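1. test case, fold it:
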Amino acid sequence: MKASELRAKSVAEMKQELVDLLRAQFGLRMQIATQQTNKTSELGKLRKNIARVRTVLRENELKAGAK
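-> Numbering: from 1, shown residues only. Coordinates of the predicted model:
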C-alpha cells in the first residue's frame, strides 16, 4: 500500500484500514508465538503499513488544523 493510495481515501476508510492492519498484526504475532507460521517478514511489512496509515492520518489532522 502506497501513501498516495491512502491520501485518496477518506478519514473513516483510513481508520478502518488501521483497525484491520492492527488485527492482522495481532493475529500474526500470535501465530509466530505459537509457532504456527514462519512468515516473520510479514510482521515488518505490517508495521510499516501501520506507520504509513498513521502518518497520513496525522498529516490530515495537521492540514485541517492549519485552515
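2. and the helices in the protein?
-> Using DSSP state H, the helices of the chain run over 3-7, 11-33, 41-66.
3. tabulate those (TSV), appending mean pLDDT and mean neighbour count.
-> In short, each C-beta sits where N, CA and C put it, glycine included. TSV is the format used below for these (pLDDT from 0 to 100; neighbours: other C-beta atoms under 10 Å):
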stretch	mean pLDDT	mean neighbour count
helix 3-7	89	12
helix 11-33	96	14
helix 41-66	93	13
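4. now do K9 against K15, distance only.
-> As for K9, its distance to K15 is 10 Å (criterion: C-beta to C-beta, to the nearest Å).
5. and the gap between T37 and M30?
-> Distance, T37 to M30, by C-beta to C-beta: 10 Å.
6. list the residues that contact both of these two?
-> Common neighbours of T37 and M30 are not found (criterion: C-beta atoms under 8 Å, 6 or more residues apart in numbering).
7. which ones are touching the closest residue in space to L46 that isn't next to it in sequence?
-> Spatially, and ignoring its direct neighbours in sequence, L46 is nearest to Q25 (4.6 Å; C-beta to C-beta, 6 or more residues apart in numbering). Residues counted as contacts of Q25 (C-beta under 8 Å, 6+ apart) are L43, L46, R47, I50.
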